[in-house]
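Asks: Coordinates for the following, if possible.
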Amino acid sequence: MARRATAGAYERINITLPRATLGLLDRLTRKGDRSRFIDEAIRQLARGRSREQLRELLEEDGRVNRDRDVAVLKDWAAVDAEGWHGRRRR
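Replies: Purely as a prediction, here's the structure:
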């Protein structure tokens with residue numbers, strides 16, 4: 001059974017997911033349940049694995065998805081550069 005944390009125990013973060021992964025997440029959950037789903041998925045992945053085993057999984061994923069990640073980085077770098085120039089504070 002999942003533990004419920006108090007509201008102060010949460011932290012808001014910004015993550016980047018491939019569109020296909022986000023599509024899968026949207027098919028499996030409602031938007032209000034995304035955080036809970038991701039939390040449970042991470043806990044399930046980590047359960048029973050050492051830090052070294054998890055590091056190896058991440059490194060392997062990095063090798064497998066390197067080209068995709070570089071392409072996403074290039075796409076967003078252009079957007080980031082456009083969005084911040086000339087933006088005024090309110």
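Asks: For residue 38, the count of nearby residues, please.
Replies: Per other C-beta atoms under 10 Å, the neighbour tally for residue 38 reads 15. Where you see a C-beta, it was placed from the backbone N, CA and C, and this is true even at glycine.
Asks: Which strand or helix spans it?
Replies: helix 34-46 (DSSP states H and E).
Asks: same question for that helix, mean pLDDT?
Replies: Averaging pLDDT along helix 34-46 gives 94.
Asks: Run through who's touching the helix or strand just after that helix.
Replies: Sequence-wise, the next helix or strand downstream of helix 34-46 (DSSP H and E) is helix 51-64. Contact partners of helix 51-64, identified using C-beta atoms under 8 Å, 6 or more residues apart in numbering, comprise 45, 46, 49, 69.
Asks: can you list those residues in a markdown table and add distance to residue 27?
Replies: Listed next are these as a markdown table, based on distance: C-beta to C-beta, whole Å:
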| residue | distance to residue 27 |
| --- | --- |
| 45 | 19 |
| 46 | 24 |
| 49 | 27 |
| 69 | 23 |
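Asks: Centre of the chain to stretch 9-25, how far?
Replies: 4 Å (C-alpha atoms, centre = their mean, to the nearest Å).
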